[in-house]
Structure formats: structure tokens, C-alpha cells
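**Student:** Following is a predicted model, sequence given first.
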Number of protein chains: 2
Amino acid sequence: MPVGAFAAVAEAIAPALKPGAIVTDVGSVKRSVISQMQPLLPKDVHFVPAHPVAGTEQSGPEAGFAELFDNRWCILTPPAGTDRQAVARVQAFWEALGMHVEIMDAEHHDLVLAITSHIPHLIAYNIVATASDIGEVTRTEVMKYAAGGFRDFTRIAASDPTMWRDVFLHNKDAVLEMLGRFSEDLTALQRAIRWGDGETLFNLFSRTRDIRRGIIEAGQETDEPDFGRHHGEIGHDLPRPYSSD
Amino acid sequence: MPVGAFAAVAEAIAPALKPGAIVTDVGSVKRSVISQMQPLLPKDVHFVPAHPVAGTEQSGPEAGFAELFDNRWCILTPPAGTDRQAVARVQAFWEALGMHVEIMDAEHHDLVLAITSHIPHLIAYNIVATASDIGEVTRTEVMKYAAGGFRDFTRIAASDPTMWRDVFLHNKDAVLEMLGRFSEDLTALQRAIRWGDGETLFNLFSRTRDIRRGIIEAGQETDEPDFGRHHGEIGHDLPRPYSSD
């Protein structure tokens, strides 16, 4: 369910909710979901917003698999005053599925996810679009030489367009703030390249390794090279359109 | 061997080269390698520059594996007038290792690789650096919630800093040109977010899916979701520093 649809859902389910019922969700943006749903829910139900941070580039029920939530983090963002027992029950639910649970306020969630998820998706979509529009380099060339790095970006740029349109529309402030910082840093790198400042490049490229090591140590990533991608097993024969160029 | 070291290598090997010998290389930037090596090599040897587009985030001889070159593309950029038989022998060498071979001029190679490899690396390095510098979001948070998309970028940002410093210093013109286009496109996306232009976002996010499909059909990528990453097998117990925050 895209983030833009939550008000309509709240309206539809509200009449059926018994007093004391717990309502939760799995939306990727929390401030917007809360502001859409809370005014429409009966005052005597408990609303515990949740975001299980897990998934692949695929969507829908068929995209699930048994280990999807294992060892991943679920963020709960209960508004001030939310019933503690209701929060504990939602927490127990996600823990029973194998997740770790963290509780934070919705505003902080939206800022954290802007940099760990929303901006990565935005720049992945963007570079794939840029690459497909370059007149001097054909799309066939982009596809053939994608193993040089580009293909990593195409994975998250293959995510659901409706879901991601709504993420950007509904987390505008945090996304624009983080995008501003990304662009500032990129401009500094661009300047280092233009002026041949190898030391700045080397220093930056050196310190970015630690973060990956930390992610692997935190159990959030495989330590196999190339994500453990299968080599030499895929597509031994090139289909016609790519066999000559 | 980083791209910046080719002149020194040409100087060192030149006295040992017999007339008619074939010299080749595997550098990631071809115009610079040619301009560094060609003047220092004896006139009676054949120089056939090559770039096998394959590899992982790891470097060095230990990072190799049997299927590394299977079904990948190798680009040869022989300068005008290069002996045809010498080119054919280098082509046969890479084909014997399982690669497809394409011949193009060095300038076009540098432009194609700028968008399929160099810019992807640059923006991956950049977002990892941006994420580690955000005061309001801790590095521990970035690591915990990396499964939302960020961790994909950390893979290529873990590549060798010396190698990549030299790529950017030696392919400056093409990188700055492609980076300019990327930034222009990103500014247009930023504007669409600011103005709530969901249609522009949806249309762009829709058309980027085709490229991934093409890469998979061209045998350059796995069609397994999430790159076929192993789920539920990695790091079941969080190490201490990440167990609370």
C-alpha cells in the first residue's frame, strides 16, 4: 500500500474498529502516515505506527520469503501518550518474526530513512535515467558494460514506481534536507576532480570502507564479494539484440 | 596497478621488449594509459590497450576466481594503425578466458566507462561519506537500517582508494561531463519533489525498470531478487556495539 493511501484506509476501517483495538501499519514514512490516520481513527483505539526495514526490489505478497525479517530492524514510532501495552504487543509481534525493534519519534525516523533508504533510491533512479538518455553512449553499451558498477544501481531503480513516488511526496522535508547535503558533498568531490586534488579523493575513498565493515559486523550485509552474486551461471548465450552492436 | 603508474611501468619494461612483441594492459582509463605508455615503448612493438570489464569490490590476485571473466565484455582500444594480427591475438586471449570482445576508440571507451562505472563509483563513495557525516543520524543508525537501500552503495564504496583516485584524476574530462548530466537530472528530480510533481516522479521511476531487464537479458546480471543475497544466514547475533543504541 503506497503511503499516499493511508487516509482512505483509515476512513474505511474506522467504523469496524472495536474499542481497545490496536491499529498498526508498515508504511515507509511515519509523520505523514500518522497525520493521515490519527484524525480519522476512533479515540478509543491504539495506533502504533511501525516500519519493518526489510525487503527487496520486488513488491506484493509473492515477493515475501521465510527469512525476510530475520535479523532486520523494525522501527516503532508511537505518538506521545500511546498505550504502553499496545506498543509492547506490536513489538512482540515483530520480534516473533525475527526482527529487532527500536522505538523513536516519527520525525527522527523520517530523517534516518531519508539517508538510509530514500536518497539511495533517488540517486539510483536518477543515474539509471541519466544513463539511458546519453546520446553518445547507446543503451546497448550501458547494458553490456554494466558489470563495471552500474548494474548495482539498477536493482533499487527497479522498485515499485507508485510506492516510491509517494515516499518522496510524503517525506519531502527530510528528503530535500538530505539531498542538499549529498549535493554539497558531490560538488566538493567534483571540485577535487577538476583541480586534480588526489589527496582529497584518496582520503574520502579510504574512510568510506569502515561503514561497510560496520554493516557487515552488524549482521545487515553479506561479507561475500559482489554480494555473493552468482558468476558464470547466468546467461551464457547472449540473446540476439546484444550479440552485436 | 593504478592508472597513474603506467608511465613508470612502460619505462621499466621498454628495454626488455623484443621487436614484434605485443604489449597490452588492463587499465580502467584508456586515453591516459595510451598517452603515458606509447611514447615510451619501442616503435617496433605492438601496443594493444585492453580493459576487461569485470571484477568485484576486492583487488589483487587473491580476489580472482575461475568464473571472473565468463560472459563479461572486454574492450580493446588499439590506436589507429595498430597491427591487425596483434589485435587479433589479444582478442583471442580474452575470448579464451570466456569474454566477449568489442573494439572501439579510447575516447569512446572513456566516455562509456564514465557513465557505467566511474560515476556509479563516485556517487556511491559520496553518499557513504554524506551518511557518515550527518550529526542528527548516528553511524550506528546508518548501519542498522542499511537494509533499506544504503548497503548496496557501500559495496562499491569499499573499492580500492588508490585505484579509484587515479581513475578520476585520469578520466577527468569524461567524468566531469557525465557528472554534469547526472547533477542536472538530479536537480530536476529535486524540483519535482519540492513542487509535489508526482507525475514526473512516477514517469521517471517507471522507465528506469527497462534498463535492468535489458541487463539481465544481456546476461550481465542475476535475475534473483536482492542480487540473490543470502538471507537469514548472516550474523544472527548482533555484536555488542550494535545491540543497543
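**Tutor:** Here it is on my side, so go on. Residues are numbered from 1 along each chain as shown, chains lettered A, B, ... in the order given.

**Student:** What's the per-residue pLDDT of the residue nearest to A:R72 when sequence neighbours are not counted here?
**Tutor:** Nearest residue to A:R72 in three dimensions, chain neighbours excluded: A:A54, at 4.1 Å (C-beta to C-beta, 6 or more residues apart in numbering or on different chains). In short, each C-beta sits where N, CA and C put it, glycine included. Looking at A:A54, its pLDDT is 95.

**Student:** what do you get for the one 5 residues further on?
**Tutor:** Reading off the confidence values, A:S59 has pLDDT 92.

**Student:** thought A:T222 was touching A:R212?
**Tutor:** No. Contact criterion C-beta atoms under 8 Å: A:T222 and A:R212 do not qualify, at 10.9 Å.

**Student:** Which SSE is immediately downstream of the host helix or strand of A:L176?
**Tutor:** Here A:L176 sits within helix A:172-194, counting by DSSP states H and E. Using DSSP H and E, the next helix or strand after helix A:172-194 towards the C-terminus is helix A:198-207.

**Student:** close to chain B, is stretch A:205-216?
**Tutor:** Yes. Contact of stretch A:205-216 with chain B (C-beta under 8 Å from any C-beta of the partner chain) involves A:205-216.

**Student:** what comes into contact with that stretch?
**Tutor:** With contacts defined as C-beta atoms under 8 Å, 6 or more residues apart in numbering or on different chains, stretch A:205-216 is touched by A:221-223, B:125, B:128-129, B:131-132, B:139, B:142-143, B:146, B:151, B:154-155, B:157-159, B:161, B:164-165, B:234-235.

**Student:** one more time with 7 Å, if that's ok
**Tutor:** Stretch A:205-216 is contacted by residues A:221, A:223, B:125, B:128-129, B:132, B:139, B:142-143, B:146, B:151, B:154-155, B:157-158, B:161, B:164-165 when judged by C-beta atoms under 7 Å, 6 or more residues apart in numbering or on different chains.

**Student:** Filter those residues down to the buried ones.
**Tutor:** A:221, B:125, B:128-129, B:132, B:142-143, B:146, B:151, B:154-155, B:157-158, B:161, B:164-165 (16 or more other C-beta atoms under 10 Å in any protein chain shown).

**Student:** Tell me where chain A has helices.
**Tutor:** Using DSSP state H, the helices found in chain A span residues A:6-13, A:30-37, A:84-96, A:106-113, A:119-132, A:139-144, A:150-156, A:161-170, A:172-194, A:198-207, A:209-217.

**Student:** mind giving me a markdown table with those helices and columns for mean pLDDT?
**Tutor:** Listed next are the helices of chain A as a markdown table, based on pLDDT from 0 to 100:
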| stretch | mean pLDDT |
| --- | --- |
| helix A:6-13 | 97 |
| helix A:30-37 | 98 |
| helix A:84-96 | 98 |
| helix A:106-113 | 98 |
| helix A:119-132 | 97 |
| helix A:139-144 | 96 |
| helix A:150-156 | 96 |
| helix A:161-170 | 98 |
| helix A:172-194 | 98 |
| helix A:198-207 | 97 |
| helix A:209-217 | 93 |
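
**Student:** Quick one, which of the ones you listed gets closest to B:V87.
**Tutor:** In terms of C-beta to C-beta, the element of those nearest to B:V87 is helix A:139-144, at 19.2 Å.

**Student:** who's in contact with the helix holding A:L176?
**Tutor:** Outside helix A:172-194, the residues touching it (C-beta under 7 Å, 6+ apart) are A:110-111, A:114-115, A:118-119, A:122, A:168, A:200-201, A:204, B:122-123, B:126-127, B:129-130, B:134, B:168, B:172, B:175-176, B:179, B:183, B:190, B:193-194.

**Student:** That helix to helix A:119-132, inter-axis angle?
**Tutor:** 60 degrees (axes from the mean of the first three to the mean of the last three C-alpha atoms, to 10 degrees).

**Student:** For helix A:172-194, C-alpha coordinates in PDB please.
**Tutor:** Extracted in PDB, the C-alpha atoms of helix A:172-194 (Å, rounded to 0.1, in the frame of the first residue of the first chain):
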ATOM      1  CA  LYS A 172       9.600  15.900   1.300                       C
ATOM      2  CA  ASP A 173      11.300  17.900   4.000                       C
ATOM      3  CA  ALA A 174      13.700  15.300   5.200                       C
ATOM      4  CA  VAL A 175      14.500  14.200   1.600                       C
ATOM      5  CA  LEU A 176      15.200  17.700   0.500                       C
ATOM      6  CA  GLU A 177      17.400  18.300   3.500                       C
ATOM      7  CA  MET A 178      19.500  15.100   3.000                       C
ATOM      8  CA  LEU A 179      19.600  15.600  -0.800                       C
ATOM      9  CA  GLY A 180      21.000  19.100  -0.100                       C
ATOM     10  CA  ARG A 181      23.900  17.600   1.900                       C
ATOM     11  CA  PHE A 182      24.500  14.900  -0.700                       C
ATOM     12  CA  SER A 183      24.700  17.500  -3.500                       C
ATOM     13  CA  GLU A 184      27.000  19.800  -1.400                       C
ATOM     14  CA  ASP A 185      29.400  16.800  -0.800                       C
ATOM     15  CA  LEU A 186      29.200  15.800  -4.500                       C
ATOM     16  CA  THR A 187      30.100  19.400  -5.600                       C
ATOM     17  CA  ALA A 188      33.200  19.200  -3.300                       C
ATOM     18  CA  LEU A 189      34.200  15.900  -5.000                       C
ATOM     19  CA  GLN A 190      33.600  17.400  -8.400                       C
ATOM     20  CA  ARG A 191      35.900  20.300  -7.500                       C
ATOM     21  CA  ALA A 192      38.600  17.900  -6.300                       C
ATOM     22  CA  ILE A 193      38.500  16.100  -9.600                       C
ATOM     23  CA  ARG A 194      38.600  19.300 -11.600                       C
END
